[in-house]
Every structure is written in C-alpha cells, then in structure tokens.
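Engineer: Whatever this is, show me its structure:
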Amino acid sequence: MNVYEYAMKVEKDGEAYYNYLASKAPNDGLKRVFNILAEAEIQHYNVFKSMRDKDGTNFKTINISTDTKTIFETLNAQRDNITFDADQVKFYEDAIKREKDSYQFYIDKANEVDDKDEKQAFIDIAKEEQKHKAILEEIIHFIQEPNNWVASAEF
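Structural biologist: Model (predicted):
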C-alpha cells in the first residue's frame, strides 16, 4: 500500500468514525458537528485520491477548511438540550487520538515528498486534522462545563 492509499484509508476510517459518532450523538447539534467533520474527511480523501491518480489537480486551490464557526454556533445553540454519558466522552477522546496520529503522519509524509504542491497538501491536511483535534477538545470541555463554556478565541 503506497502513502496515498494509506492516507485514503485513514480518511475513510475517520469518515466512518465521525458518522458513527453522529449516529450516537445525543442531539441534533452534535450530530451536525460530526457530520461536518465526516464531510471534511471525505474532502481529505479526495485530495489524496487525486494525488495518487496524478489527475492534474492543483492541490493549492483545493478548499479543505472545516467551518469551525458553524460548529461552535451549532454547539452553543444546543446548549440547553445536551446530556452525555461517560462512553460518549471516551469516544471523543478516541477521536482526538486519531486526529493527533493523523496530524503526525501527514507532517512526516510532507517531509518525505519532493513535489512542492503535494508537500503543501500534506501540510494543509495536517493543519485541518489539528483543527479537528481542537474542535473535539472543545466539545469535551463543552460537555464537562456547558454553563461555563465559551468557544476558544482560536475559532
């Protein structure tokens, strides 16, 4: 399996995990958050597929940015309708680990490829994975202290 196929598998697994989290979400707001994250993983998958297939895509023009503003507006709007159990927090912690591992993998691969556009695509996707990790950390913070939660200034 080459690096692109492995990255595609990582992204497919991420999409499946976020879809699973969406199916277990205790309300529509969190379901929407996880659907947004699943969609971002699909976008990443498509970038790696284009890289693998060498289809002429200019990777610098691909928009892979996760809409964090929408995510936190959604969470805040659902503030009063959220209940959680310990298993959900564990799922979110597992997702954080996945994002952290993906980030490191993509940074490592960026350092190995020679093509500058592919290198930048790996870096951009790594940054997105780092953003996803921060989103998940904010969700956990939100779960643990919903009345004191304010979205990080980063978002």
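Engineer: can you map out the strands along the chain?
Structural biologist: Read by DSSP state E, the chain holds no strands at all.
Engineer: longest helix in the protein, by residue count?
Structural biologist: helix 116-144 (DSSP state H).
Engineer: name the helices or strands packed onto that one?
Structural biologist: If you count contacts as 3 or more Cβ pairs under 8 Å, 6 or more residues apart in numbering; DSSP states H and E, helix 116-144 packs onto helix 28-53, helix 68-77, helix 86-110. Every residue, glycine included, has its C-beta placed from N, CA and C.
Engineer: Would you convert these into TSV that also reports mean pLDDT and mean neighbour count?
Structural biologist: Putting these into TSV (pLDDT from 0 to 100; neighbours: other Cβ atoms under 10 Å) gives the following:
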stretch	mean pLDDT	mean neighbour count
helix 28-53	88	19
helix 68-77	70	17
helix 86-110	90	16
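Engineer: give the contact list for the residue most central in space within the chain.
Structural biologist: With distances taken as Cα atoms, centre = their mean, residue 132 lies nearest the centre of the chain, 3.8 Å away. Contacts for residue 132 (Cβ atoms under 8 Å, 6 or more residues apart in numbering) come out as 37, 40, 66, 95, 99.
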